[in-house]
Structure formats: C-alpha cells, structure tokens
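Student: please work out how this folds:
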Amino acid sequence: MLDSSSELFGSPNRTRVLITIRLLGETWASELAAMLGLRLFSVQTILASLERDAVIVTRTLGRTRQVMLNPRYFANAELDALLWKLGERDVSLQKALASRRRRPRRTGKALS
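Tutor: Model (predicted):
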C-alpha cells in the first residue's frame, strides 16, 4: 500500500488523484473528491495544475469536465506504468473503486 504521506508527485493528495485517474481511465472532479474524501475545490486546484503541466487533459461533455491522462505527454508510457504499479499496491483505493457506481441510474428509479 502506498504510504498516505507519500509526496511522490508533490503532495499526498496530488499523488492519490493521479493514481485514481489512471485506475479509472476517465473521471471527473466530483467523483475524485467523493472517492478520495477530499474537498471539491482541492481536487479542482490539483487538476488545474496537472492540466497546466500537460499531464492530464480535460474535455467537456455537457456540464461535466472529464479528466484523463494526456496520451501525448512525453513520458506517458512511463507515467502510466508507474501509476498502475502504485495503484495495484493501494488496496483501500481499489476497494473504493470497486464499490463506486460508474453508470447512470435509470430515470425515475428510486434511490435505495
């Protein structure tokens, strides 16, 4: 498991956000915040800095900005492999990802 205080990518939260983006493939800020237990503003700040550094790219779908690793990043293959290895070791993050709903709920279906 990755040490919770690991600052491999600048801060523990930034590291966890990058690993989660890699494991999910595509995601959005509110999903990251909920999954990692962070404030939305903190996640948005991290995503803005990663986008400035060209590590991630975003695209707008309706009102949602989807986030993914930048396939044109000069070290994309190496970064992808490193984040995958780090994600494999973080069992608590894998459990959170497995329990997260990734598809839309049917219109009119009651929440249970």
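Student: for R39, which non-adjacent residue is spatially closest?
Tutor: Nearest residue to R39 in three dimensions, chain neighbours excluded: A33, at 6.5 Å (CB to CB, 6 or more residues apart in numbering). Heads up, the C-betas are built off the backbone N, CA and C, glycines and all.
Student: work out for me the element that neighbour sits within.
Tutor: Following DSSP states H and E, one finds A33 within helix 29-36.
Student: give me the residues contacting the helix or strand that that helix is followed by.
Tutor: Sequence order places helix 40-52 as the next helix or strand after helix 29-36, per DSSP H and E. Contact partners of helix 40-52, identified using CB atoms under 8 Å, 6 or more residues apart in numbering, comprise 11, 13-14, 17-18, 29-30, 32-33, 36, 56-58, 67.
Student: which of the residues you listed lies closest to D80?
Tutor: Closest approach to D80 among the contacts of helix 40-52 (CB to CB): L18, at 10.5 Å.
Student: quick one: mean pLDDT for the strand or helix carrying that closest one?
Tutor: Here L18 sits within helix 12-24, counting by DSSP H and E. Averaged across helix 12-24, pLDDT comes to 95.
Student: cool, and stretch 94-108?
Tutor: For stretch 94-108, the mean pLDDT works out to 76.
Student: okay, how far is it across that stretch, tip to tip?
Tutor: End-to-end distance for stretch 94-108, by CA to CA, to the nearest Å: 30 Å.
Student: could we number from 283 for the rest of this?
Tutor: Okay, residue one is now 283; in that scheme the one you just asked about reads as stretch 376-390.
Student: what residue lies at the spatial centre of this protein?
Tutor: I303 (2.8 Å; CA atoms, centre = their mean).
Student: show me what contacts it?
Tutor: T309, L314, I338, V349, M350, L351, L365.
Student: please report how far the third one lies from A330.
Tutor: Meaning I338. Using CB to CB, to the nearest Å, I338 is found at 10 Å from A330.
Student: A380 is in what secondary structure piece?
Tutor: Element membership of A380, judged by DSSP H and E, is helix 373-381.
Student: quick one, what contacts the residue nearest to R321?
Tutor: Residues near A315 by CB under 8 Å, 6+ apart: R321, L322, S324, V325.
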